[in-house]
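Student: Build me a model:
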Amino acid sequence: MNEIGFEAGIVLGVLIGEDSLCVCESEISYAGLSRIEVIEARLLLALVQRLKARLERLGTERVRMKPERILITGDLRILVRSRNNMEIHLQPLPKALFLLYLRHPEGLAFKELPSHMDELIRLYGKISPRTDREAVEGTVRKMLEPGKNTLSVNCSRLAASLQRYFEDPVLQDYLIKGEQGESRQIALDRSYVEWD
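Tutor: Next up, the predicted model:
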């Protein structure tokens, strides 16, 4: 090893440790560079290789991001606190479902929803542009009819809308999820939800 290579090796060894030093000298030409430039080039290459190795070690591990705090206002608007109270816009039925499930952290199976119909009607009535009480009740009853997939469709619409505001893996905390026939719930820790 020449003097420049020896010095670069010492500097690299001190900065990143001998065990992680793996410079591919054969792919780089140092012709015309000063001793400092050669050392800098070797340092940069070693750092890039170390970063690459670290990313490979992480593999498919996901970095767990914290959910964002939301505020549910008195008029049932949903605001993201950490984004200057940006409002999350949802269609009325998916929004009513979302709010119902936020109110029930223990979860609810779809077959249990008829026993929460009054609560769902109140939520939907405050959100819906409809003013006719019978129309509001009719829409909620139709959504809860057994044998229809209207609930699943509204959960899918909710998920599609929330994707505009949250990215995976954080998005998963805001979705209504569960196995068919089992209790479904929103996994979001309720300490991230503030009701006005």
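Student: Need the contact partners of the helix or strand that contains K126.
Tutor: Using DSSP states H and E, K126 sits within helix 117-127. Residues from elsewhere that reach helix 117-127 (CB atoms under 8 Å, 6 or more residues apart in numbering): 75-76, 92-93, 95-97, 99-100, 103, 113, 133, 136-137, 139-141, 144. Every C-beta, even on glycine, is put in place using the N, C-alpha and C of the backbone.
Student: Helices - which of the residues you listed land there?
Tutor: With DSSP state H as the criterion, helices contain 92-93, 95-97, 99-100, 103, 133, 136-137, 139-141 from among the contacts of helix 117-127.
Student: Drop anything exposed from the contacts of helix 117-127.
Tutor: Among the contacts of helix 117-127, those scoring as buried are 76, 92-93, 95-97, 99-100, 103, 113, 136-137, 139-140, 144 (criterion: 16 or more other CB atoms under 10 Å).
Student: Of the residues you listed, just say which sits nearest to I39.
Tutor: Nearest to I39 out of those is K95 (CB to CB; 59.7 Å).
Student: wait, that closest one sits on R77?
Tutor: No: using CB atoms under 8 Å, K95 makes no contact with R77, being 9.6 Å away.
Student: Identify the contacts common to those two.
Tutor: The contact sets of K95 and R77 do not overlap (CB under 8 Å, 6+ apart).
Student: What is the nearest of the ones in helices among the contacts of helix 117-127 to F166?
Tutor: Checking the ones in helices among the contacts of helix 117-127 one by one against F166 (CB to CB), the nearest turns out to be K95, at 15.2 Å.
Student: so how far is L188 from the closest residue to the closest one other than its chain neighbours?
Tutor: Nearest residue to K95, sequence neighbours excluded (CB to CB, 6 or more residues apart in numbering): I127, at 5.4 Å. As for I127, its distance to L188 is 19 Å (criterion: CB to CB, to the nearest Å).
Student: Equivalent analysis for A41, please.
Tutor: Distance from A41 to L188, by CB to CB: 48 Å.
Student: Looking at the two now, which is surrounded by more residues?
Tutor: L188 (19 against 16; other CB atoms under 10 Å).
Student: what's the pLDDT at the nearest residue to the more buried one once chain neighbours are set aside?
Tutor: Leaving aside its sequence neighbours, L188 sits nearest to D173 (CB to CB, 6+ apart; 4.4 Å). D173 is assigned 95 on the pLDDT scale.
Student: and what of G138?
Tutor: Listed pLDDT for G138 reads 95.
Student: Who are the packing partners of the helix ranked longest in the chain?
Tutor: Identified as the longest helix of the chain according to DSSP H is helix 35-58. Judged by 3 or more CB pairs under 8 Å, 6 or more residues apart in numbering; DSSP states H and E, the packing partners of helix 35-58 are helix 3-16.
Student: model confidence over the helix it packs on, on average?
Tutor: Mean predicted lDDT for helix 3-16 stands at 47.
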